[in-house]
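Peer 1: Fold the stuff below for me.
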Amino acid sequence: MLKRAYARLIALAGHPQAPWFLAALAFAEASFFPIPPDALLVAMGLARPRRVWFYALICTLGSVAGGALGYYIGYAIFNQLAQPVIHFYHMEHAFLTFQAKFARYGVDLILIKGLTPIPYKLVTIAAGAAHFDFWKFMGASLVTRGARFFLVATILRIFGEAARDFIERWLTLVTSLVAVGIIGGFLIIVFL
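Peer 2: Below you'll find the model as predicted:
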């Protein structure tokens with residue numbers, strides 16, 4: 001099943017509209033969609049290695065723009081959805097503590113978590129919910145998302161076909177490790 005999905009992804013990577021799909025996926029993942037754009041970025045980079053830097057830029061800009069939507073969701077809608085639950089469980093103090101911690105460590109959190117397998121939408125929505133400074137959020141998002149996607153692009157440019165061979169040979173193991181990383185990321189968020 002994974003091999004078939006990988007083959008479809010490689011085919012999609014060669015589609016003329018693939019850069020638009022990549023931008024849309026990066027945008028959606030940063031605000032509400034569960035699937036990260038990395039797989040499509042890798043497939044596109046392997047299909048057209050000379051354009052991998054351009055694809056990393058598209059991915060970065062799409063993700064940062066989607067992060068702005070995630071921030072808005074946390075800023076404008078979170079209170080309407082979560083405030084009644086916070087009040088019901090008498091967790092007003094805990095939420096104020098969360099906002100204070102985010103105000104103090106927000107840039108560090110954004111920079112660290114933007115590089116990890118933790119879904120970035122959680123960071124973007126939390127930043128909005130904490131009413132973290134929007135422009136600091138955008139700057140940190142640009143740095144961390146750019147670092148992540150350009151790191152992937154660099155690996156693809158350096159290793160090229162060897163990266164493709166590795167992915168094709170170890171796809172199941174890699175996806176399993178990514179799943180463990182995502183679950184670990186959720187656990188880190190819960191216990192931080």
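Peer 1: pLDDT score assigned to the residue nearest to the spatial centre of the chain?
Peer 2: Residue closest to the mean C-alpha point of the chain, counted by Cα atoms, centre = their mean, is Y120 at 3.9 Å. Per-residue confidence (pLDDT) for Y120: 82.
Peer 1: quick one: the helices in this protein?
Peer 2: Using DSSP state H, the helices found in the chain span residues 2-13, 18-31, 38-47, 52-72, 78-88, 92-113, 120-129, 134-191.
Peer 1: Can I get the fifth one as CSV, trimmed to CA atoms?
Peer 2: What follows is the C-alpha trace of helix 78-88 in CSV, where atoms were taken according to Å, rounded to 0.1, in the frame of the first residue of the first chain:
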residue,chain,number,x,y,z
PHE,A,78,-10.4,29.6,19.9
ASN,A,79,-12.1,31.7,22.7
GLN,A,80,-15.6,31.0,21.3
LEU,A,81,-14.9,27.3,21.0
ALA,A,82,-12.6,26.6,24.0
GLN,A,83,-13.5,29.3,26.5
PRO,A,84,-16.7,27.5,27.6
VAL,A,85,-14.7,24.3,28.1
ILE,A,86,-12.0,26.1,30.0
HIS,A,87,-14.7,27.7,32.2
PHE,A,88,-16.6,24.4,32.7
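Peer 1: before we move on, the earlier item: need the contact list for the residue nearest to the centre of the chain.
Peer 2: Applying Cβ atoms under 8 Å, 6 or more residues apart in numbering, one finds that Y120 lies in contact with E29, A30, P36, S63, G67, G70, K113, G114, R145. For every residue, glycine as well, the C-beta is placed using N, CA and C.
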